[in-house]
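In: need coordinates for the following:
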Amino acid sequence: MLHLLNSIQKAISSEKTLNTITRNLQENHGIVNIHRIDEKNIGDYYCAPHHYFDQLQQSLDIFDYKSLVPTVKQNFIDTISQNSLIIGGGGLLNRGSFDKQIHAFEKLSQKNKKMVLWGLGHNEKNPKAYGKITSYNIDTKKFGLVGVRDYDMKEEWVPCASCLHPILDTKSEVSNEIGLIFHKKTLNNRKVLDKFKDYPSTSNTTSLEDIVSFIAKTDTIITDSYHAMYWSLLMNKKVVVFPNSSKFYTFKYQPVFSTIDTFKSDCKKAQNYSGILEECREINLKFSEKVFDYLGY
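Out: Have a look, this model is predicted:
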């Protein structure tokens, strides 16, 4: 009963926070980069452009709107209301967890709020939608500048900004033929862990240094983490994916899709690509010029 009351209280408070923002006077004094700040998911953490550009000093967790800590909630309201917004990266679109926040930001276009979508994409969990997404759950035309990580959408393609991290230039002698990188949620799946107990593995809960080192010394990466897939492809590795979201199907360079029962034969189909890292970096740097021109920096 207490848990239910807490959930109701949190939902009411969250709704009130977003309503306050949409009613507020909107200003564009500085820039804040909004994304999912989760240090236990290094992909969510490092996908944000603020890590790679000196002009971007402020960041904000997109989940702070539902905090019950008054100072955190008020900071969320004030920071969004007072600044131009860079939203992304990460799988923030077509996903229930972010739906209310994204639609609140969409409404701010009516108040001359300067907003950029940068390197984010869809993240639909229903398997029936895999490879079939043709539109987003928002009208992207209401945002001043749009770059999405989904290659097959009508919007400009701007892959995740984490490609700009210099650590992705890491080279190493290959010592693992096959290696697993698990999403943090998979670490609770005993069936999967038992299936791959004889293979070297890590997860997206580790440090960026550790996961890149693991990728560098592995020939073929098997993963259910988007950023493990992305970074492995950037580092010229063969990649096999166990998909758990629509997000895996729309990168320009495709991995092999597989299951825990067919992965051995599917590993033989995987290929590596050259030049992706340089391409993704060039696209992000060119997009950044448009972003800072639009924002007046």
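In: low-confidence ranges, the chain, go.
Out: Along the chain, the model assigns pLDDT under 70 to residues 1-12.
In: show me where this protein has strands.
Out: Using DSSP state E, the strands of the chain run over 31-35, 58-61, 84-87, 90-93, 115-122, 145-148, 156-157, 176-182, 201-203, 218-223, 238-241, 256-257.
In: what's the spacing between the last one and its chain's center?
Out: Mean-position distance between strand 256-257 and its chain equals 20 Å (Cα atoms, centre = their mean, to the nearest Å).
In: contacts for it next, please.
Out: Val239, Val240, Val241, Phe242, Pro243, Phe248, Tyr249, Asp266, Cys267, Lys269, Ala270 (Cβ atoms under 8 Å, 6 or more residues apart in numbering). The C-beta positions use only the backbone N, C-alpha and C, and glycine is treated the same way.
In: same thing but 6 Å
Out: By Cβ atoms under 6 Å, 6 or more residues apart in numbering, the surrounding residues in contact with strand 256-257 are Val240, Val241, Pro243, Asp266, Lys269, Ala270.
In: cool, the fourth one as well?
Out: Residues from elsewhere that reach strand 90-93, judged by Cβ under 6 Å, 6+ apart: His35, Arg36, Asp44, Cys47, Phe98, Leu120, Gly121, His122, Asn123, Tyr136, Asn137, Lys247.
In: show me how far it is from its chain's centre.
Out: So, by Cα atoms, centre = their mean, the centroid of strand 90-93 is 6 Å from its chain's centroid.
In: strand partners of that strand, parallel vs antiparallel please.
Out: strand 115-122 (parallel) (DSSP bridges).
In: thinking again about what came up before, between the contacts of strand 90-93, which is nearest Pro166?
Out: Distance to Pro166 across the contacts of strand 90-93 (Cβ to Cβ) is lowest for Cys47, with 15.9 Å.
In: ok, that closest one touching Cys160?
Out: Yes - shown here, Cys47 and Cys160 form a contact pair, counting by Cβ atoms under 6 Å, at 5.1 Å.
In: shared neighbours, those two?
Out: Counting by Cβ under 6 Å, 6+ apart, the shared contacts of Cys47 and Cys160 are Gly89.
In: wouldn't Asn236 be in contact with Gln271 here?
Out: No - shown here, Asn236 and Gln271 do not form a contact pair, counting by Cβ under 6 Å, at 10.4 Å.
In: now the contacts of strand 90-93 as TSV including distance to Tyr297 and neighbour count?
Out: Shown next, in TSV, are those (distance: Cβ to Cβ, whole Å; neighbours: other Cβ atoms under 10 Å):
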residue	distance to Tyr297	neighbour count
His35	19	27
Arg36	24	20
Asp44	25	23
Cys47	21	27
Phe98	26	21
Leu120	20	28
Gly121	25	31
His122	29	24
Asn123	29	21
Tyr136	26	21
Asn137	29	17
Lys247	30	26
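In: which among these gets closest to Ala104?
Out: Distances from Ala104 to the contacts of strand 90-93, taken by Cβ to Cβ, are shortest for Phe98, at 10.3 Å.
In: what's near enough to touch the closest one?
Out: Applying Cβ under 6 Å, 6+ apart, the residues near Phe98 are Leu92.
In: I appreciate the help and will end here.
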